[in-house]
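[1] The following block contains a protein sequence and its predicted model.
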Amino acid sequence: MTNKKAITRSPPRARAIKSFLGQLLVHNSARFGLMALVVFFAMAAMPAFLVGPLQTAINAMGDFLAPPSFINPLGTDEVGRDVLNLVVHGARTSLIIALVSTVISLVVGTTVGMASGYYGRWVDVWLMRITDFFFVIPSFVLALVITPVAVGVMGRSGDILGFRPSLFVIILVIGLTSWAFVARIVRSQTLTLRERQFVERARVVGTSNIKIMLRHLLPNLVPQIAANGALVVANAIYTETALSFLGLGDPLQPSWGTLLSLAQRAGAASSGAWWYLGAPGLCVVIVSLSFVIIGNALDDIFNPRRRVIP
Amino acid sequence: MAGGSGGRAGHHTGRIIFRAAATLLMVAILNFLLFRVIPGDPANMLLAGARSAITIHQIEAQRQSWGLDKPLIPNQLFSYVSATLQGDLGYSFKFRGRRVSDLILERIPATLALAGLAQLIAITIGVTLGIIAGWRRGGAVDNITTGISLALYSTPPFWLGMLLVVAFSTMLGWLPGYGAYSAGAAHVGILGRLSDHARHLILPVLAVTLGLIGQYVVVARAAMSDVVTEDYIVTARAKGLTNNQMLMRHAFRNAMLPVVTLITLNLGYVVAGAITVESVFAWPGIGSLTVEALNARDYPVLQGIFLLLGASIVFANLMADLIYGVLDPRVR
Amino acid sequence: MTLNASTQEVWFRHRRAILKAILIGSTAPLLMSSTALASCGDHVAQIAGILAPDTMNPFATWSSFWPTTFTYDFLVGVDAQRHSDRKGFAEEWSVAEDSLTWTFKIWPGMKWSDGKPATARDAAFTYNYLRDSIGKPDELNIGWNNTGGLELVEKIAALDDETLQIVTKTPTRWPVDNTVMIVPEHIWKDVSYADARSTFRNDPPLVGTGPMIIAEFQQGQFARMTPNAYFRTGQPPIAGFVFSFFPSADSIAQGLKSGDLDYGMNLTPAQWRDLSKDDGIVVGQARIEARNYLAFNTASGEGAGSTNALQDQAFRDAIGYAIDQNLIAERAFRGHADPGLGLVVPVAKDYYSDLADIRRHFDLEEAARRLDAAGYKDINGDGVREDKEGNGFQLELITGTSSGTMETPIAAVQLVAGWLGQIGIPIAVTQLDSGAVQARTALPSQGGGKWDLYIGGIWLSPSAPDLLVLGQKGVRHNRAYWQNAKFDELAAEVAKTAQLEKSQQLVDEAVRLIYKEAPYIMLAYPFMLDARRKDCFQGWGTEDLVSMWSYFPFDRMKAM
């Protein structure tokens, strides 16, 4: 019995995925976005393979603030480090922060949204009030203010779950301040889905609420979550870049935002070192844009008429 | 019947206002908790940096007015809320005992000038472009506009600012890249001062505006194209019945609802959004005050700013809700 | 009807373009005329530096040296001893045979900037004001004008309007070396010590005897100075100057290039190099008395760091081998610094020695060996050494630039963190701003401490006592909280010694002692990088464009 289920289940799913990818790739822009993301994820996955180990002040080779040349395709910084090297290694930090904090946002937002939409009544009222509150408070300023406090509390030492404390705090802070958007959308979707027949049937049969939510509702929410998840990632990248630019990042493991901050402090803007400023920023723009485009494309696929744009 | 519907509308408005007030209170409470649930002695945290900056008497006065010796809830909370309502936001460490409320009031005009002007320009240009693009969906104009707008939307405004500085200030030398006025401004006449101020406004405003234009174009276009694909518009167009222009105006009016909502919401983020740009251009507004206070761990100032921003966003949301209620009859 | 409709259509369709055209058109004339500000016409010089003075009260803070040094005179000070044309409050000075009685001749007929006579009584008042606060709870020991050195003074008296006499208990150079700013008695006599320490803001316009009086002070922005009509060598020829405070050198470099600024200091090497290519700009670099160092938190008990290893001389000495000062000077400062060595800065030629016999050299393996020998091995093989209590090292390094000191480039911090990481001591870096760093590195009794390493700077006069102040117990500048009885003894002796040879011996002994104990590792002695424009003003200095210790050249600068 289970065997048959396994056999009959995969082809439709595989077909669905294939058709979905086909739909996605029809969008020209989505193709560009995906390609860009593949490149950047490759950079994040194996930076040392592509450009060698992270150049630090100690093993910097180049001339100071040299413009792009054959040896240094993106020029050098004020200590002689190769900017290309810094940017590629920065990809890992920036992308990890963005993705992990997005996961946190999605998990929290989905949980709150689903619970709110499914249970209704006072659970809905109170959860929505909290959500509205998080929607209202200036999340960037909140992140700005919490980070040094949190870092002070956690101490600067050691690694937490493999992340340096400052990175960990930024991840947590971004994750916990951007879930409201997801929660609202999940809630409205849940409200719609809740009335569907398959949910009724499951309830009649006696399935527990949790099981209904996880087995029946969640899979149907995935498209919506994915479409908006892309936008959440774009927002997370922006927030992390901004926070790091203001000095909350870790200069020993620079993300793109931290590189921009270092460039600013070294006087790159006033000495015309456009390569030092341009490269990390351009990466942020491309990655962010790619996620937005993909998010829009996904949204187009799942909601042909209505588009949710922040 | 008229009285009945009026009563419903009034009830609705009352509910919105009540909710806004409740949210504002919650913002204040969060603000309160944020700086006090720090392990160790919160009084120390809040006043430690002050020891060299303000007198013992001021520290004591602050301790009294915030009730730092008493239990957290309800005494300290009550003291904090009542002090805040009276306008006492504490004293800054970095600025040697100056009142936080004074500092904030001093810096607001510069931020309003920057962000306000940027929003104005962005709304004008962005909404117009978005409407045109949304009306003529799928054309080359639409694609290019949308493409550029999405790119601008994804660009960090402070990075844009730094590039503008490199281009227009360092390389071309046309415009100043820092501050709100040149060092010698105090000595020149009013016209010179105004034009100096204007020159200093250009690059920062440009940096903020470009990103905002991206936002407005995207939203206006989406709203417009949503309306344009509604059946009655499509039918009318197909039948060639009504004049293009009248139709566009009609669609425009309906599409304005989400746009107006966005504008009102954005106004609440006016200050928060300018933080990084002000930092790049050393613009003497609330944004750079936030960064300075952050670097100095000047908690009273940070607390005051957070409250200000929270309040402005709550207010903007309230306005948006009220406007929405007026414009969209379905809500009533 | 059709005409109306078409104009309406035109407007509607081209609304955006029309609006833009109007906007641009109306602002164009304004923009064209605004270069007027950069002109030399008003004879007001524009100066800038990376500073953050928070008050004009020299008793309350160290950070207001600039700009108060243009308004207040020292009695003698550093510049007056180096240059005969840069005298301070005193026109002449001499010391009697017994080396204890100093006599100062004040400029005859000198007036304060408000017209009242400036006499020896004001100088006596200033010193006595400080001296009388010694031992009180509100002792004036936290600002530029402080009680340091006054414990050696027996008596300060104004014999008449033009003669000041200082009698010391032992021979000392303090009466000429001290950098106390002379303030007017009629302003300050009613200010209580508590107020002088903190809240008395000394609001502009100040009253001083210097050539340029602070007329306006906007914290975080600028201080505006006007010429002192009563200045002793005549009112300065220029109409004043504006000293702008910037948080970074970017704005300073831009201002110099665009002509908005006439002079800027604290430039980064990158900007300095860029400006040196500009035909309209003269760049300068000067050796100054600044020292940038790495300090260990050697306190035990209150305010101590995260590990007892910091209190162990062997640990600190070993780390000294992991720091390459030559590379720091070359890479981080791009050659615009002398490599760090001992307490004595190269500019203090009388006292400088290269410590050839005891100096450490850069050798990571040697550092590792010494750490092993001192008992800090990596027992569990995770790449991180453990201290004697068995805890893995994780040190917090704080850094920041106090106003009035030279910035340590972040690259130097990265180098240090990198080297220490390579020998198994991981570092986490926290960057703080001027005020926050002062608070955290304050004495433990004042709420400071609980950090491990600190990279910062100090910039005092080249006198022997100032050279040694880093190691003296309980002194604010002693950020390492280091205490050594022998060193304190030597420093006390030095303060009492006026004779150069003896002073040199004592200083040498003290410097060697502290070098071996290594509570500080000197990183570099940075140069001051500054630049000025060639147009508008003449009379800038040749060796130093603008003096780092006095009002020069603003008393004599002229417009072109």
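    The structure has been received and is ready for your questions.

[2] Beyond the host helix or strand of C:Leu513, next helix or strand please.
    Following DSSP states H and E, one finds C:Leu513 within helix C:500-517. Proceeding N to C from helix C:500-517, the next assigned helix or strand is strand C:520-533, under DSSP H and E.

[3] remind me which residues of chain A are low pLDDT?
    A:1-11, A:13-27, A:152-163, A:304-310 (pLDDT under 70).

[4] Give me the distance from the top helix by length along it to the chain's centre.
    In chain A, taking DSSP state H as the definition, the longest helix is helix A:83-119. When C-alpha coordinates are averaged (C-alpha atoms, centre = their mean, to the nearest Å), helix A:83-119 and its chain have centres 4 Å apart.

[5] could you point out which element follows that helix?
    Past helix A:83-119, the next helix or strand by DSSP H and E is helix A:121-136.

[6] Tell me what angle that next one forms with helix A:83-119.
    150 degrees (axes from the mean of the first three to the mean of the last three C-alpha atoms, to 10 degrees).

[7] Could you give me the buried positions within the following helix or strand past helix A:121-136?
    Downstream of helix A:121-136, the first helix or strand assigned by DSSP H and E is helix A:139-154. Neighbour-count burial for helix A:139-154 flags A:139-152 (criterion: 16 or more other C-beta atoms under 10 Å in any protein chain shown). Bear in mind the C-beta positions are built from the backbone N, C-alpha and C, glycine included.

[8] And the residue of the stretch 101-250 of chain A that's closest to chain B?
    A:Pro138 (4.4 Å; C-beta to the nearest C-beta).

[9] Check the stretch 401-550 of chain C too.
    Closest point on the stretch 401-550 of chain C to chain B, by C-beta to the nearest C-beta, is C:Asp433, at 3.7 Å.

[10] tell me the contacts of the residue lying closest to that residue once chain neighbours are set aside?
    Counting by C-beta to C-beta, 6 or more residues apart in numbering or on different chains, C:Asp433 lies nearest to B:Asn295, which is 3.7 Å off, once chain neighbours are set aside. Residues near B:Asn295 by C-beta atoms under 8 Å, 6 or more residues apart in numbering or on different chains: A:Gly247, C:Leu432, C:Asp433, C:Ala436.

[11] What about the residues you listed, which are in helices?
    Those of the contacts of B:Asn295 lying in helices (DSSP H): C:Ala436.

[12] Could you dump the contacts of B:Asn295 into JSON lines and include distance to C:Thr226 and neighbour count?
    Shown next, in JSON lines, are the contacts of B:Asn295 (distance: C-beta to C-beta, whole Å; neighbours: other C-beta atoms under 10 Å in any protein chain shown):
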{"residue": "A:Gly247", "distance to C:Thr226": "37", "neighbour count": "21"}
{"residue": "C:Leu432", "distance to C:Thr226": "35", "neighbour count": "22"}
{"residue": "C:Asp433", "distance to C:Thr226": "30", "neighbour count": "23"}
{"residue": "C:Ala436", "distance to C:Thr226": "34", "neighbour count": "22"}
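
[13] what's the distance between C:Pro462 and chain A?
    C:Pro462 sits at a distance of 30 Å from chain A (criterion: C-beta to the nearest C-beta, to the nearest Å).

[14] Show the contacting residues for the closest residue to A:Ile71 other than its chain neighbours.
    Distance criterion C-beta to C-beta, 6+ apart; nearest residue to A:Ile71, sequence neighbours excluded, is A:Gly62 at 7.0 Å. For A:Gly62, the contact set (C-beta under 8 Å, 6+ apart) comprises A:Ile71, A:Asn72, A:Thr76, A:Gly80, A:Arg81, A:Asp82.

[15] So for chain A, which residue is the most central one in space?
    A:Val233 (2.8 Å; C-alpha atoms, centre = their mean).

[16] Check whether stretch A:233-246 comes close enough to chain B to count as a contact.
    Yes. Using C-beta under 8 Å from any C-beta of the partner chain, a contact is recorded between stretch A:233-246 and chain B, made by A:Ala234, A:Tyr238, A:Thr241, A:Ala242, A:Phe245, A:Leu246.

[17] Verify the contact between the last one and A:Val145 for me.
    Right, A:Leu246. No. Using C-beta atoms under 8 Å, A:Leu246 is not in contact with A:Val145, being 11.3 Å away.

[18] got any residues that touch both of those two?
    B:Leu294.

[19] Could you export stretch B:157-173 as PDB, CA atoms only?
    Provided in PDB are the C-alpha atoms of stretch B:157-173 (Å, rounded to 0.1, in the frame of the first residue of the first chain):
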ATOM      1  CA  PRO B 157      20.400  54.800  -0.600                       C
ATOM      2  CA  PHE B 158      23.600  55.400   1.400                       C
ATOM      3  CA  TRP B 159      25.600  53.600  -1.200                       C
ATOM      4  CA  LEU B 160      24.000  55.700  -3.900                       C
ATOM      5  CA  GLY B 161      25.000  58.700  -1.800                       C
ATOM      6  CA  MET B 162      28.600  57.600  -1.600                       C
ATOM      7  CA  LEU B 163      28.800  57.100  -5.400                       C
ATOM      8  CA  LEU B 164      27.200  60.500  -5.900                       C
ATOM      9  CA  VAL B 165      29.900  62.000  -3.700                       C
ATOM     10  CA  VAL B 166      32.600  60.300  -5.700                       C
ATOM     11  CA  ALA B 167      31.100  61.500  -9.000                       C
ATOM     12  CA  PHE B 168      29.900  65.000  -8.300                       C
ATOM     13  CA  SER B 169      32.000  66.100  -5.400                       C
ATOM     14  CA  THR B 170      35.400  64.400  -5.700                       C
ATOM     15  CA  MET B 171      35.700  63.900  -9.400                       C
ATOM     16  CA  LEU B 172      33.700  66.800 -10.900                       C
ATOM     17  CA  GLY B 173      33.900  69.200  -8.000                       C
END
